[in-house]
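Undergrad: Show me the folded form of this:
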Amino acid sequence: MARMTLRTGLVAGLGLSLSLGGCVVAGEDAFAEDWPGIVSLQISQGRNTWHECGGTMITKEWLVTAAHCVDTARIEPSGKAAQYQRGEDGVMRRLGPLKVAANRTHLSEDEDIRTWAVTEIKVHPDYDAGHFERGADIALVRIQDGYDGPTMAVAGLGVDEMALAEGDYLRVAGYGNTEEVDNTQGALNARGRAVYAPSLRLQQADVPLVETQACRAQLETLIEDYDVEADYGGFELGEATLCAGTGGADSCYGDSGGPLVAWSPALSQNVQVGVVSWGLGCGRAESPGVYSRTSAYADWIRETVGAQGADS
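TA: This next block holds a predicted model:
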């Protein structure tokens, strides 16, 4: 799980797809109205559109996602963003304009085919580009004016910090893989554009919270077993992260940047507590997913988007 369709790796001899950057494994069909503000970050290439990552609108202009989803994107002279990818030769190559589709139950069948251009990207200053496992894997993305849809309630931003305990069930959603083996679906939307994603239909799953020290021990064991210390040995967990998932239900490739939510009895609604970041495989036993904890970055979010917007 860096749960991003463009950045996956293979462990030689094991055939293990490890997320480097995370649809939802062992989940169920979801409806966008239950996930207010959920978005698909997409790359446009001619008549084709490719889902890249998830995210959530937290104001009418700003969405939150994972830093690794946009750390190679660039704002071009037009004032709009395009996604780039670094090749094995080290050269950055342009993939296409970065777009945002919001509140889609199905990426190709929904009647709403509007998308918004990206006009600003703010990656957290503590994020080490290319090393999502070292923490601060969170970014804010600004879209062009005109969004009038719902926004997600976020812990720490006008909503009190959520009291979470080991074993509490949280819920995650996205358009990523429904199994660890890579897959891609494609279909034409109402405009006749081909849309591709690991899962065109939004998925959701319930995942139990895993205590940080237990999560650390499990990940350390897996990193040693998979012999991937060079890539993951320096991973960081702490107050700014959450771990969730004990096998079976999980986020996966293509879910990166998407929301992890907890039910708030006081508000009678779900509140976002995490952002899908990374993990080792998808749905493996004792292999929890790692999420950036939104409340840990509340001050930075307010400073970036403005206190009034963030807390409204």
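
Undergrad: Just list what the helix or strand harbouring residue 195 packs against, helices and strands only.
TA: Element membership of residue 195 [criterion: DSSP states H and E] is strand 194-197. Judged by 3 or more CB pairs under 8 Å, 6 or more residues apart in numbering; DSSP states H and E, strand 194-197 is in contact with strand 48-57, strand 185-188. Bear in mind the C-beta positions are built from the backbone N, C-alpha and C, glycine included.

Undergrad: is it possible to export the ones you listed to a markdown table including distance to residue 174 and mean neighbour count?
TA: A markdown table is the format used below for the helices and strands packed on strand 194-197 (distance: least, CB to CB, whole Å; neighbours: other CB atoms under 10 Å):
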| stretch | distance to residue 174 | mean neighbour count |
| --- | --- | --- |
| strand 48-57 | 5 | 27 |
| strand 185-188 | 14 | 14 |
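
Undergrad: ok, of those strands, where does mean pLDDT dip lowest?
TA: Mean pLDDT is lowest for strand 185-188 among these, at a mean of 91.

Undergrad: List the strands paired with it, with their directions.
TA: With DSSP bridges as the test, strand 185-188 is paired with strand 194-197 (antiparallel).

Undergrad: what residues does the strand holding residue 195 touch?
TA: 5, 23, 40, 47-51, 107-108, 175-176, 184-189, 254 (CB atoms under 8 Å, 6 or more residues apart in numbering).

Undergrad: ok, 7 Å please
TA: Applying CB atoms under 7 Å, 6 or more residues apart in numbering, the contact partners of strand 194-197 are 47-51, 107-108, 175, 184-189, 254.

Undergrad: Likewise for stretch 109-125?
TA: By CB under 7 Å, 6+ apart, stretch 109-125 touches 42, 67, 70-71, 73, 75, 79-81, 97-101, 104, 136, 138-144, 146-147, 189-191, 297, 300, 304.

Undergrad: which parts of the strand holding residue 195 are buried?
TA: 195, 196, 197 (16 or more other CB atoms under 10 Å).

Undergrad: Distance to residue 28 and pLDDT for those residues - can I get that in a markdown table?
TA: Supplementary listing: these in a markdown table, determined by distance: CB to CB, whole Å; pLDDT from 0 to 100:
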| residue | distance to residue 28 | pLDDT |
| --- | --- | --- |
| 195 | 21 | 95 |
| 196 | 22 | 95 |
| 197 | 17 | 94 |
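
Undergrad: any idea which of the residues you listed is closest to residue 56?
TA: residue 197 (16.9 Å; CB to CB).

Undergrad: For the closest residue in space to the closest one that isn't next to it in sequence, give its distance to residue 115.
TA: The spatially closest residue to residue 197, leaving aside those adjacent along the chain, is residue 51, at 3.5 Å (CB to CB, 6 or more residues apart in numbering). Residue 51 sits 12 Å away from residue 115, going by CB to CB, to the nearest Å.
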